[in-house]
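Colleague: attaching a predicted model along with its sequence, questions to come.
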Amino acid sequence: MLGIALGAPLGGILGRYGPLFPLQVGAGLLALAAICARPLVRETGGRSERPAFRAIVATLRANPIILAPLTFAFTDRFTVGFFTTTFALYLRRIYDLSSSEIGFLIATFMLPFAVFSYPFGRLAEKRSPVVMLCIGSLLYGVGTAAVGFTAPPALYALMLATGAAAAVMFVPSMLLTMQVVSDQIRATALGAFNAAGSLGFILGPLAGGAISQFVAGRVDWLSGYRAAFAVAGASEVLCVLIALPLLLRHARQRAGERMVA
């Protein structure tokens, strides 16, 4: 997240020298990272026994609560996909902002997301991750829906608050993923968590572009972008409403286990 927050404004600045220049610099940084990491990274050694695929499926079926954090992972990245593409087009087409200004606005969203993820993660270990996940997601959904109705300079404050709300919900969803499965398939569950998020990140830009263009063809571009971000925000709120029964059941079970212990 910190890398995205720093890369967004840097990419906007580098974009002044050509649309492909940021990609070339990024490729160079990746190559440099690989060269530097090669002599430092070592295999950890030791091989643990891996459960069979059938055992993994059986465990997941016995714990349907795993669907809740996976759904949040998908929806969260789905909405972030709107910010990485549709948001930039919205700022350029409606407000004629420069590449550096667009990058700075994206960084205003991503930087608090990155900075606050760790402290909110520590808080989720001591408090209820379910409460933090639901509250953060609701605030994030409302903030995302409001993007299309907010113009600069007020947009900077909205992006800052929305990024902080995203940090509130991000780590708790990962914690829930680890809580609801056994140690033997924890890595598999986290892999599924990231896979669900990646799928959302792929579909988010496609949905944002399709919705904005569809509405713009019938009304105007401002209405199109407003509709796109309204859909993104509504999807986050809808995710909370759908997953809430499972999350509350999980919270009650965890509370009962602590009382017995």
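Modeller: The structure has been received and is ready for your questions.

Colleague: stretch 68-77: how far from the chain's middle?
Modeller: 8 Å (C-alpha atoms, centre = their mean, to the nearest Å).

Colleague: mind exporting that stretch as CSV, just the C-alpha atoms?
Modeller: Extracted in CSV, the C-alpha atoms of stretch 68-77 (Å, rounded to 0.1, in the frame of the first residue of the first chain):
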residue,chain,number,x,y,z
ALA,A,68,-17.2,-13.5,4.5
PRO,A,69,-13.6,-12.2,4.5
LEU,A,70,-13.2,-13.5,0.9
THR,A,71,-16.2,-11.5,-0.1
PHE,A,72,-14.8,-8.4,1.6
ALA,A,73,-11.4,-9.0,-0.1
PHE,A,74,-13.1,-9.1,-3.5
THR,A,75,-15.3,-6.1,-2.9
ASP,A,76,-12.5,-4.0,-1.4
ARG,A,77,-10.2,-4.5,-4.4
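
Colleague: contacts for the helix or strand bottoming out on mean pLDDT in the chain?
Modeller: Lowest mean confidence among the helices and strands of the chain (mean pLDDT, DSSP states H and E): helix 53-62, at a mean of 72. Applying C-beta atoms under 8 Å, 6 or more residues apart in numbering, the contact partners of helix 53-62 are 51, 66, 181-182, 184-185, 188-189. The way it works is simple: take the backbone N, C-alpha and C, and place the C-beta from them, glycine included.

Colleague: would you list the buried entries among the residues you listed?
Modeller: 66, 181, 185, 188-189 (16 or more other C-beta atoms under 10 Å).

Colleague: out of the residues you listed, which is nearest to Ala167?
Modeller: Ala189 (21.8 Å; C-beta to C-beta).

Colleague: residues in contact with the closest one?
Modeller: 60, 66, 177-178, 180-181.

Colleague: likewise for Phe82?
Modeller: Per C-beta under 8 Å, 6+ apart, neighbours of Phe82: 144, 204-205, 207-208, 228-229, 232.

Colleague: still on that earlier bit, quick one: which of the buried ones among the contacts of helix 53-62 sit in helices?
Modeller: 188-189 (DSSP state H).

Colleague: what helices and strands are in contact with the strand or helix carrying Ala34?
Modeller: Assigning secondary structure by DSSP states H and E places Ala34 in helix 21-37. Contact here means 3 or more C-beta pairs under 8 Å, 6 or more residues apart in numbering; DSSP states H and E; on that basis helix 21-37 packs against helix 2-14.

Colleague: residues in contact with the helix it packs on?
Modeller: Taking C-beta under 8 Å, 6+ apart as the rule, helix 2-14 contacts 21-22, 25-26, 98-104, 106-107, 110-111, 113-115.

Colleague: returning to that earlier point: pull the most distant pair out of the contacts of Ala189.
Modeller: Leu60 and Met178 (13.9 Å).

Colleague: the two - which one has more neighbours?
Modeller: Leu60 (18 against 14; other C-beta atoms under 10 Å).

Colleague: the more buried one and Arg186, how far apart?
Modeller: Going from Leu60 to Arg186 by C-beta to C-beta, to the nearest Å gives 12 Å.

Colleague: got the buried residues for the longest helix belonging to the chain?
Modeller: Under DSSP H, the helix in the chain containing the largest number of residues is helix 221-260. For helix 221-260, burial by neighbour count (16+ other C-beta under 10 Å) applies to 221-222, 224-233, 235-237, 239-240, 243, 246-247, 250-251, 254.

Colleague: next, Ser98: phi, psi?
Modeller: phi -80, psi 170 (degrees, to the nearest 10).

Colleague: going forward, begin numbering at 7 instead of 1
Modeller: Yep, numbering from 7; the last one is Ser104 now.

Colleague: what sits against it?
Modeller: Gly18.

Colleague: how near is it to Val186?
Modeller: Counting by C-beta to C-beta - Ser104 and Val186 are separated by 46 Å.

Colleague: between the contacts of Ala195, which sits nearest Ile141?
Modeller: Thr183 (18.5 Å).

Colleague: flag the shaky bits of the stretch 57-206 of the chain, pLDDT-wise.
Modeller: Scanning the stretch 57-206 of the chain for pLDDT under 70 picks out the ranges 57.
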